[in-house]
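Q: What shape does this take:
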Amino acid sequence: MGSFSIWHWLIVLVIVMLVFGTKKLRNIGQDLGGAVKGFKDGMKTPEESKEQTAEQIQQASTAAEKTVDVQAKDVNK
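A: Model (predicted):
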């Protein structure tokens, strides 16, 4: 009884999913992942942060070039 088998963990997982629901568990996972990512970014040296910022600016400008700007027309007039 010292360690649990895979079946014990699967039953616990099913019970947790029934109690909390998959959407809430997914949100908790995303929040936890974001917190870990923020912690890792905070632990980087200033040189690594500058390099990463330059990459993010380049990616944002590339994404902006692919964006199509349109205006919606009101067909009810």
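Q: which stretches of this structure form helices?
A: 6-20, 22-43, 46-66 (DSSP state H).
Q: now the ones you listed in TSV, with distance to Asp74 and mean pLDDT?
A: C-beta here means a position set from N, CA and C on the backbone, and glycine is covered the same way. Compiled in TSV, those are given as follows (distance: least, Cβ to Cβ, whole Å; pLDDT from 0 to 100):
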stretch	distance to Asp74	mean pLDDT
helix 6-20	43	88
helix 22-43	35	86
helix 46-66	27	71
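Q: measure the residue nearest in space to the middle of the chain to His8 for me?
A: Central residue of the chain (Cα atoms, centre = their mean): Gln30, 4.7 Å from the mean position. Distance, Gln30 to His8, by Cβ to Cβ, to the nearest Å: 27 Å.
Q: Asp31 now?
A: 27 Å.
Q: again, but for Met43
A: Counting by Cβ to Cβ - Met43 and His8 are separated by 36 Å.
Q: ok, now Gly29?
A: In terms of Cβ to Cβ, Gly29 sits 22 Å off from His8.
Q: returning to that earlier point: minimum distance to Lys73: which of the helices of the chain has it?
A: helix 46-66 (23.2 Å; Cβ to Cβ).
Q: how far away is Leu32 from Phe20?
A: Distance from Leu32 to Phe20, by Cβ to Cβ: 14 Å.
Q: Kindly report the same for Phe4.
A: Distance, Phe4 to Phe20, using Cβ to Cβ: 20 Å.
Q: repeat for Thr45
A: With Cβ to Cβ as the criterion, Thr45 and Phe20 are 38 Å apart.
Q: The two - which one has more neighbours?
A: More crowded of Thr45 and Phe20, by other Cβ atoms under 10 Å: Phe20, with 12 against 8.
Q: now the more buried one: how far from Ile28?
A: 8 Å.
Q: Could you do Phe4 as well?
A: 22 Å.
Q: And for Val14?
A: Taking Cβ to Cβ, one finds Val14 at 17 Å from Ile28.
Q: Can you report how many residues neighbour Leu25?
A: 14.
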